[in-house]
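S.K.: Sequence isn't available, so here's the structure alone:
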């Protein structure tokens with residue numbers, strides 16, 4: 001007979017997963033914001049040049 005997973009263990013793993021997902025999303029957003037800023041700066045320099 002298979003052992004049932006402990007309900008609190010599953011919830012803790014889900015919370016940890018949400019925390020990691022949130023951290024990854026924040027990192028991606030930060031990286032994208034930096035890339036967009038750099039692209040806009042480059043475009044503005046090209047336009048003014």
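M.R.: Alright, I've got the coordinates. These numbers come from a predicted model, not from an experiment.
S.K.: Check the average confidence over the helix or strand residue 9 falls within, would you?
M.R.: In this structure, residue 9 sits in helix 7-48 according to DSSP states H and E. Mean pLDDT, helix 7-48: 89.
S.K.: That one: how far from the chain's middle?
M.R.: Its chain's C-alpha centre and that of helix 7-48 lie 4 Å apart, by Cα atoms, centre = their mean, to the nearest Å.
S.K.: Mind giving me the packing neighbours of that helix?
M.R.: Using 3 or more Cβ pairs under 8 Å, 6 or more residues apart in numbering; DSSP states H and E as the contact criterion, no secondary-structure element is in contact with helix 7-48. From N, CA and C alone the C-beta is placed, and that goes for glycine too.
S.K.: ok, the residue nearest the centre of the chain to residue 16 distance?
M.R.: For the chain, the residue sitting closest to the mean C-alpha position, by Cα atoms, centre = their mean, is residue 25 at 1.4 Å. Note on residue 25: its distance to residue 16, by Cβ to Cβ, to the nearest Å, is 15 Å.
S.K.: same thing with residue 27?
M.R.: Distance from residue 27 to residue 16, by Cβ to Cβ: 17 Å.
S.K.: Next: residue 4.
M.R.: Separation of residue 4 from residue 16 (Cβ to Cβ): 20 Å.
S.K.: When those two are compared, which one has more neighbours?
M.R.: The neighbour comparison of residue 4 against residue 16 (other Cβ atoms under 10 Å) goes to residue 16, with 10 against 6.
S.K.: So residue 13 versus residue 25, what's the distance?
M.R.: Note on residue 13: its distance to residue 25, by Cβ to Cβ, is 19 Å.
S.K.: Next: residue 10.
M.R.: For residue 10, the distance to residue 25 equals 22 Å [Cβ to Cβ].
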